[in-house]
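K.L.:
Give me the fold of what follows.
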Amino acid sequence: MEGEMEVLMDPGGTNSSISRRAFVKKSGLAAVIAGCASCLNSGRGRGPNIFFTISDDQTWMHAGAYGDPAIETPAFDRIAKGGVLFRHAYVACPSCTPSRGAVLTGRPIWQLEQGGQLFGTLPAKFAVFPRMLEQAGYFIGWAGAKAWGPGELEPGGRTQDPAGRHYNRHRLDDVPEGMVPDDYYRNFLDFLNDREPEQPFCFWFGPGEAHRSFKKGIGRESGIDPGQVRGPGCLPDAAQVRDDIADYYAEIERYDRDLGRMLDHLQETGELDNTLVIVTSDNGMPFPRCKATLYDAGVRVPFAVRFPAKIPGGRTVEDFVSLIDVAPTVLDACSLEIPREMAGASLMPILASNRSGRVDPDRDFVVTAFERHTLCRPNDVGYPMRSIRTHDYLYIRNYQPGRWPAGDPDLESVHQGVYGDIDNGPSKSFMLEHRKDPEFEHLFRLGFGKRPGEELYDVKKDPHQLNNLAGDPQYAEIKAGLSEKMIQYLQNRADPRMDGLNPWDSYPYYFGDLWKK
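P.N.:
As a prediction, this is how the structure comes out:
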């Protein structure tokens, strides 16, 4: 079946002169696809389009809809205003490859084998929602820097990208240094042009923004005032860091403009109101104690959903959402069966309600996980963590507290130098240079130093999670209760760590033509 779908996806190859539409008509398959599309939604006509967009390294607070006055994100705000804005959405893992694998499969990272690490693979035995939609008659594809990845699909037995054909023919000539040169909008138009008339689509927009590296000074050039930016409390309030955050803002704004052009096109062609739009990010901002950590700055992401046909808009929801809920939500919206193996749960009951605030009482916590990011410790081992987040507390279990959580200070990693699980950039450099400065020393220890086996934060009193209460006797009962609840969740979902197993440190890494075992 996979080989047959390859023909349908890209019959002439990426640079073929024959369009997919022409090929399908010529081969006599147009009627088959039209028939599949017409049977969606149990005979109620064609199914809804799916437009899923996932920015790269964007923390939840950095969007206008979340009250940030220094950043302009009209496209995201448009979806939030016309649909549902979620205030507590969390990735499965704060690292690109496992986070995106969890989105595609609806599974936590510990169920994805090599898919649970950066530069891994995604075994073909794990079903992905875009290919399930393709089998139901949808036209699928993506544009941007990443759908799944980075990593290599072939070792896992896949011959096709999980999200479909990559549309990347059009490039930009005037992109600032450090920004992705793909012309996202024109590639999206190519995608739409290749489908059959009236055929529903599933499009994955995976821009490279706001992944490092940024062009230094692009924030100020874009009119962003570094004095007005806001960052998590784990970062120093210093001019160099503020400028760095402003540059990060500029990348988010550029991506948001492209998203807005795509939404405008769907509006102009009359398709937007029959399109389920989901906007989110794969993990938090690429700064110290953010990305690759289980604090909110690493795992809490923007999340808004719009679908006027079934979703009453203008609402803000406080329920906890994991991005493993995306796949079952999409399948549910398309009236397709949700595989039992998917650990996530559809958000459609919440979305279809007319309620705001806390809607589903069972969605009162979320569990996140982390195993291995870059090669930055002796013997290439990871830093395994699990966490449980409620409205009141964050509990983190560090399974190897003797290791350096941000990477070894004496080991030059493949990509990021010392402390290799922190992306290089002005903020990292500033904190390394000022590690002994009395004003910033405590922040350096929090971001770069070793951590105890358990961490507990009162998020109401300490929203930036800086004061660890795990050793405070007054919180012993709360800590024990959260630990027990998290362990039960992990045991019920077959986390190998609960059986004392650790397959991740032995998995190979794949870097394009290079791979390291």
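K.L.:
and Gly382, how far is that from Leu347?
P.N.:
According to CB to CB, to the nearest Å, Gly382 stands 30 Å off from Leu347. From N, CA and C alone the C-beta is placed, and that goes for glycine too.
K.L.:
same check, this time on Leu122
P.N.:
23 Å.
K.L.:
ok, back up a step: more neighbours: which of Gly382 and Leu347?
P.N.:
Leu347 (28 against 25; other CB atoms under 10 Å).
K.L.:
Which pLDDT does the model give the closest residue to the more buried one other than its chain neighbours?
P.N.:
Nearest residue to Leu347 in three dimensions, chain neighbours excluded: Thr329, at 4.5 Å (CB to CB, 6 or more residues apart in numbering). pLDDT, Thr329: 98.
K.L.:
what about Thr329, how many neighbours?
P.N.:
Using other CB under 10 Å, Thr329 is surrounded by 25 other residues.
K.L.:
Need phi/psi at it.
P.N.:
When read as degrees, to the nearest 10, the backbone of Thr329 gives phi -60, psi -50.
K.L.:
ok, it - contacts?
P.N.:
With contact set as CB atoms under 8 Å, 6 or more residues apart in numbering, Thr329 has these partners: Ile278, Val305, Gly344, Ser346, Leu347, Met348, Leu351.
K.L.:
thought the third one was touching Pro328?
P.N.:
Read that as Gly344. Yes: the pair Gly344 and Pro328 qualifies as a contact (CB atoms under 8 Å) at a distance of 4.9 Å.
K.L.:
center of the chain, which residue is that?
P.N.:
Closest residue to the average C-alpha location of the chain: Asp282 at 1.6 Å, with CA atoms, centre = their mean.
K.L.:
shared neighbours, Gly344 and Pro328?
P.N.:
Common neighbours of Gly344 and Pro328, counting by CB under 8 Å, 6+ apart, are Gly106.
K.L.:
tell me the domain boundaries of the protein?
P.N.:
Domains of the chain are assigned by automatic domain parsing as 2-10+18-364, 367-516.
K.L.:
which stretch in these is the model least sure about?
P.N.:
Ranked by mean pLDDT, these bottom out at domain 2-10+18-364, which scores a mean of 90.
K.L.:
So which residues of the stretch 251-400 of the chain form strands?
P.N.:
Using DSSP state E, counting those that start in this stretch, the strands of the stretch 251-400 of the chain run over 275-281, 300-301, 304-306, 315-322, 366-370, 385-389, 393-398.
K.L.:
how about those strands, which one is nearest Ser335?
P.N.:
Nearest to Ser335 among these is strand 275-281; the distance by CB to CB comes to 12.0 Å.
K.L.:
quick one: contacts of the closest one?
P.N.:
Outside strand 275-281, the residues that touch it by CB under 8 Å, 6+ apart are 48-60, 75-76, 79, 83, 89, 91, 259, 263, 266, 301-307, 323, 326, 329-330, 333.
K.L.:
Just give me the longest helix of this protein.
P.N.:
helix 239-268 (DSSP state H).
K.L.:
tell me the angle that one makes with strand 275-281.
P.N.:
Put simply, helix 239-268 runs at 170 degrees to strand 275-281, going by axes from the mean of the first three to the mean of the last three CA atoms, to 10 degrees.
K.L.:
Which strands and helices lie in contact with helix 239-268?
P.N.:
strand 49-55, helix 74-82, helix 184-194, helix 218-221, strand 275-281, helix 426-433 (3 or more CB pairs under 8 Å, 6 or more residues apart in numbering; DSSP states H and E).
K.L.:
one step back: doesn't Thr97 make contact with the residue nearest to the centre of the chain?
P.N.:
No: the criterion here is CB under 8 Å, and Asp282 misses it with Thr97 at 9.1 Å.
K.L.:
Could you measure from the residue nearest to the centre of the chain over to Tyr66?
P.N.:
In terms of CB to CB, Asp282 sits 17 Å off from Tyr66.
K.L.:
Thr390 now?
P.N.:
Here Thr390 is placed at a distance of 20 Å from Tyr66 (CB to CB).
K.L.:
Repeat that for Ala246.
P.N.:
17 Å.
K.L.:
So between these two, which is more surrounded?
P.N.:
More neighbours surround Ala246 than the other of Ala246 and Tyr66, with 25 against 19 (other CB under 10 Å).
K.L.:
Report how many residues lie close to the residue nearest to that one when sequence neighbours are not counted.
P.N.:
In space, and not counting its chain neighbours, Ala246 is closest to Gly219: 2.7 Å by CB to CB, 6+ apart. Counted with other CB under 10 Å, residues neighbouring Gly219 total 26.
K.L.:
what's the spacing between Gly219 and Pro176?
P.N.:
Here the distance between Gly219 and Pro176 works out to 11 Å (CB to CB).
K.L.:
okay but Gly298 is in contact with Gly284, surely?
P.N.:
Yes: here Gly298 reaches Gly284: they are 4.2 Å apart, a contact under CB under 8 Å.
K.L.:
tell me, what's touching those two both at once?
P.N.:
Common contacts of Gly298 and Gly284 (CB under 8 Å, 6+ apart): Thr59, Pro94, Cys290, Lys291.
K.L.:
And the contacts of stretch 494-512?
P.N.:
108, 110-111, 113-114, 116-121, 151-152, 155, 369, 371-372, 375, 379-382, 384, 386, 399, 414, 487, 490-491, 515-517.
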